[in-house]
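J.: For reference, the sequence and a predicted model appear below.
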There are 2 protein chains.
Amino acid sequence: MAKLNFEALFIGPMAENGDFFKQMLNFLVDEHLFWRRNFHPEDNVSITLKDKSLPDFISTMQRTEEVLQTLSSRLRTRSMPWHSPRYLGHMNSDLLIPALLAYMVTIMYNPNNVAFEGSPATTELELEVGRDLATLIGFDPDKSWGHVTSGGTVANYEGLWVARNLKYIPMAVKKVCPSLVRGYNDRELINLSPSNILKLISEAKEMGKDVVDNIRMHSLRSKGLHKIETNLGKVLIPSTMHYSWAKAMDILGLGIDALELIPVDEKFRMDIGYLKKKIYELAENGIPIIAVIGVVGTTEEGSVDEIDKIVELRTQLERERGVSFYIHIDAAYGGYARSVFLNENMEFMDLDELRERLDKDGIVSKDIGWPEEDIYNSFKALSYVDSVTIDPHKMGYVPYQAGAIVFRDKRVRDIISYFAPYVFEEEKWKDNPQLLGSFIMEGSKAGASVAAVWAAHKVVPLNVEGYGRIIGESIEGARMLWSKIEEMEVEDFVAKCLCKPDLNILCYAFNKRYNKNLDKMNFFNEKIKKFMSYDTSEFNRPIHSYDHIVSSTKLSRENYGKAVDEFLKKLGLDLSDEGKEVFILRSCVMTPYLTKDYTEEDYSGTFIKSLKKTIKELKW
Amino acid sequence: MAKLNFEALFIGPMAENGDFFKQMLNFLVDEHLFWRRNFHPEDNVSITLKDKSLPDFISTMQRTEEVLQTLSSRLRTRSMPWHSPRYLGHMNSDLLIPALLAYMVTIMYNPNNVAFEGSPATTELELEVGRDLATLIGFDPDKSWGHVTSGGTVANYEGLWVARNLKYIPMAVKKVCPSLVRGYNDRELINLSPSNILKLISEAKEMGKDVVDNIRMHSLRSKGLHKIETNLGKVLIPSTMHYSWAKAMDILGLGIDALELIPVDEKFRMDIGYLKKKIYELAENGIPIIAVIGVVGTTEEGSVDEIDKIVELRTQLERERGVSFYIHIDAAYGGYARSVFLNENMEFMDLDELRERLDKDGIVSKDIGWPEEDIYNSFKALSYVDSVTIDPHKMGYVPYQAGAIVFRDKRVRDIISYFAPYVFEEEKWKDNPQLLGSFIMEGSKAGASVAAVWAAHKVVPLNVEGYGRIIGESIEGARMLWSKIEEMEVEDFVAKCLCKPDLNILCYAFNKRYNKNLDKMNFFNEKIKKFMSYDTSEFNRPIHSYDHIVSSTKLSRENYGKAVDEFLKKLGLDLSDEGKEVFILRSCVMTPYLTKDYTEEDYSGTFIKSLKKTIKELKW
């Protein structure tokens, strides 16, 4: 296969590939229109020339035209210029042409992936996508189960739903089939490992379909949480978690109080020492652990939790205390970055081989030092966790909305499966993996977004030749921008980054030299943000007047603790300051063009210039 | 405003309006491409002519082309011909041109409606759509709260989530602010009406922000369901419910056992007598009712529960026993049909005026007798319920995926709101309705699907002039097909419809005269289904070879009781037969062309012919 040229994969900041895009689009739309005409060509037309000549026919088309013109004008007035490397805010950039076109044309066929009957074509594509993502994560595609969701939030809900229901299965087995769990006491049952629970269900299956049904009828999903006879249990997660995890706990009825926030270290990764202390403490007190959630690519900082350490802790705890838990990884943002580590045969490369390869192929120069060993080990260990959320509409460069979840062991489907009488026929549903709606949280879902992900994966392989290159280069870009910001000299200002980015999200703030007051610093950085972003209060300033666009975040000192204090110290602030929140600027470097050097100064250079100018112009 | 001509709104069975579609599409795509070019026109191009001449650039484009051709070919080989009036299966048909184009072009801008910063244009459109749908349901758009979801399933989850959390708020108020509920005992608190609970929260708000936060911290969402000190409570729903309601109970931690199925009458509507008995019985026994769910347009039969009666029951129970409950309506399928009842000023018409109007405008002929008074009263009463699920991707004629939910009282947002530090700034979040992500179940969501709904509503008003006409005509079509099937004569076969359709879904089955065996009848109807539908086992038969396509459903005699037995009797079956499930054929008549009479025989005529031919050819 010839090398991919990424210039050919995006429409481009100046719509450089616009002609190709339109040509393909028209080709695909024509194919659809002729397909319509070729279904029973013997039928007469329903809309005749006479119909078309009627005044109200013409005025109706005109009305459609007017509404669409209004829409187009509103979109052009108020959309974010994500196609431009001048946009360095949220996790958005230009999108892959194959994904865009696949999405657009599939909408015309309007498949619904809830059931095969509604989507014979795209259901198959979804199964392929599930296998793609399983392979990316390092799961065995034959033994795992992955599918597309409407987004990472729902994928996370689904992961926690499975973890929660799985946890209480052994207690139901005890009621229905005590022979299967003979010799285990309640404490042991509530602390079984996910794989042992799945083994239990397989054993129950061998005893007959009724047995499994009976277990389900005695399990949490039927009885509800208020009937739980043991301690409820906790969900452990780093304090850098996405806010939707609190929603997840609420929705699933576990309650936010059962979420145990683990502090992060100065790299904004879960503090493994603290985690260890906590899980041993819980085990000691007989409180079950429903799940430990790790984050690969935190939404604010792009930090990568040390997944290998979490996996090790589980093994250790199982061995030492007979206590286990479910591991779910929220890699909604960072998951696709695992492609950097895979060679053409989808093998996880040795670290030395990888560094060599990245340097040689011009993806990440050796000077950059990425990936550090801890990041490498973390990505490698993903293959040992129970489920992973991974969003194509983030680093998959695919349009909204397409999230995904992959489970290591497809037998988890037995825990959550349902079926509708008119959608599924039970006999098939049991063996046929093509009836997606019975195994997922959502119902009707667009086959179009699945087609977009599928097309993206077909064109851009999920390894170092494909996504690995795009993402690797964006990480290099972020690291280069990190140096540039750290080295920035603007009059008497101090510029600091929150930390060296694990992936491609940069956080930074500016302080006046010798200022020790957090509120003052926050106020100044908020001014920069206001000037360099579009929000409700800025309605009157057209988007085209922005030179660059960034985003921002607020870190609470209570949640982030020493990690953020270390940052404040570097900025020269007084740590005894009572300010509770730190306002910082944030740039996701997803654009493939940041460091492309065709002009005298590349886009990273003009961005630094723009920052300097803004700092100078805004009064402290 | 000139009268709408519906021939101009769809691409058409033979792609009759394909040229207009392509012309508009190219216009909109060009506007996008030039918008890209006009963001900082001073920037140099990033992808140069030299780049474009490189061999790997060309081979990459070729690869994109090949993958898209493969996709197109798979779509054309294996998509359902929903554009054709020959498709009479699931709830699908041709789609509105404005919705299709709005969806397709908005994807290119890729807005994310989770937050205003990611979607300044389409967040505003979503607020407009929320108001449109509120007005359609009969809610005050200023006081209500509606938004788009990824589908009806998630909308239903969200409705039940609100109902569940609302239920236990008074107990939290008692803990935090006993003064607010002085004089109420626990039994009264757990049975407060939704509006009184919302009033409580408003009163708490006046006492200060901290008070509300404190209530939330002591409420179900923080504490979890296992900490509930009262009886958990029940959710009442007709046995015709969509299967996702069982999932909802599981996910929300309430447990499927807390779902109380209410039998249906011979029109497949919730048996109000039984419901009344049940709620009085629960009240008697001190078991709270979390919610009563009504269905407007059941997925199998299109039946419309008598919502007016449910609303009346609540008033009566409040008066007589001081017991109240939340009412959610699953109108995912039928919600848009309320547009039939609204005049141009969005007023719900008098029944006589309505019938006159429908007849005069050629929407539903008076002979058809639709709407019957009970259907009329049900739709009218929707304005009194607490929340309604309504799916644009069903009778909104909009592509997947777009569901929606509307709450009568926007104060429910206080119960479920969350915010992410980087997405929302708390001060704004409190007052600014444009930060959708903090008030909904989902996270990132496509602005494109919102734009599709918005454009559809702008072109096709949500009243008798717009959607009312399309849907009214499809109901007329279904009623006509109902007569034709009931009057069908095929050798010695009996043809019967399950019931006269409340909306536009028809269920029917065929029996050999004098056959009394259910299994035999099921077997024969399954054969018809196999012949007239596309499923996994029929891979080798191309879609183009099907004359007509239908869907099917199975009704369990246990769940459906007397309703389905009445049907079996009409078919001449022996009611003492032990068969447990009844297999029936099902056609959703959403196509706007069924009874359009340009050919000698319209599409309903050829469908009946096709049914007859199939019955004759298949051996009994």
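T.: Alright, I've got the coordinates. Numbering: from 1, shown residues only, chains lettered A, B, ... in the order given.

J.: Extract the C-alpha set from the helix or strand A:Lys50 falls within and format it as PDB.
T.: Under the criterion of DSSP states H and E, A:Lys50 resides in helix A:49-53. The C-alpha trace of helix A:49-53 is given here as PDB (Å, rounded to 0.1, in the frame of the first residue of the first chain):
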ATOM      1  CA  LEU A  49     -44.300  17.500 -14.800                       C
ATOM      2  CA  LYS A  50     -47.800  18.800 -14.400                       C
ATOM      3  CA  ASP A  51     -47.400  18.700 -10.600                       C
ATOM      4  CA  LYS A  52     -44.200  20.600 -10.900                       C
ATOM      5  CA  SER A  53     -45.700  23.400 -12.900                       C
END
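
J.: And the strands in chain A?
T.: Under the criterion DSSP state E, chain A carries strands at the ranges A:87-88, A:145-149, A:234-238, A:259-262, A:289-295, A:326-330, A:387-389, A:403-407, A:493-497, A:505-512, A:549-556, A:581-588.

J.: got the angle between the third one and strand A:326-330?
T.: So that's strand A:234-238. Angle, strand A:234-238 to strand A:326-330, by axes from the mean of the first three to the mean of the last three Cα atoms, to 10 degrees: 30 degrees.

J.: And chain B, is strand A:234-238 touching that?
T.: No. Remark: strand A:234-238 sits outside contact range of chain B, by Cβ under 8 Å from any Cβ of the partner chain, the gap being at least 10.8 Å. Bear in mind the C-beta positions are built from the backbone N, C-alpha and C, glycine included.

J.: Number of residues surrounding the closest residue to A:Ala204 other than its chain neighbours?
T.: Excluding its sequence neighbours, the residue lying closest to A:Ala204 (Cβ to Cβ, 6 or more residues apart in numbering or on different chains) is A:Val211, at 4.8 Å. When neighbours are defined as other Cβ atoms under 10 Å in any protein chain shown, A:Val211 has 18 of them.

J.: got a list of what A:Val211 touches?
T.: Contacts for A:Val211 (Cβ atoms under 8 Å, 6 or more residues apart in numbering or on different chains) come out as A:Val176, A:Cys177, A:Ala204, A:Lys205.

J.: Which members of the residues you listed are classed as buried?
T.: Neighbour-count burial (16 or more other Cβ atoms under 10 Å in any protein chain shown) applied to the contacts of A:Val211 gives A:Val176, A:Cys177, A:Ala204.

J.: any chance you could read off phi and psi for the second one?
T.: Meaning A:Cys177. Note on A:Cys177: its backbone torsions stand at phi -130, psi 60 [degrees, to the nearest 10].

J.: Would you confirm that it contacts A:Ala204?
T.: Yes. Counting by Cβ atoms under 8 Å, A:Cys177 does reach A:Ala204; the two are 6.0 Å apart.

J.: what touches both of these two?
T.: Taking Cβ under 8 Å, 6+ apart as the contact rule, A:Cys177 and A:Ala204 both touch A:Val211, A:Ile215.

J.: Burial check on A:Pro194, number of neighbours?
T.: Here the number of neighbours of A:Pro194 (other Cβ under 10 Å) works out to 26.

J.: cool, and A:Phe268?
T.: 27.

J.: how close does A:Ile11 sit to chain B?
T.: 7 Å (Cβ to the nearest Cβ, to the nearest Å).
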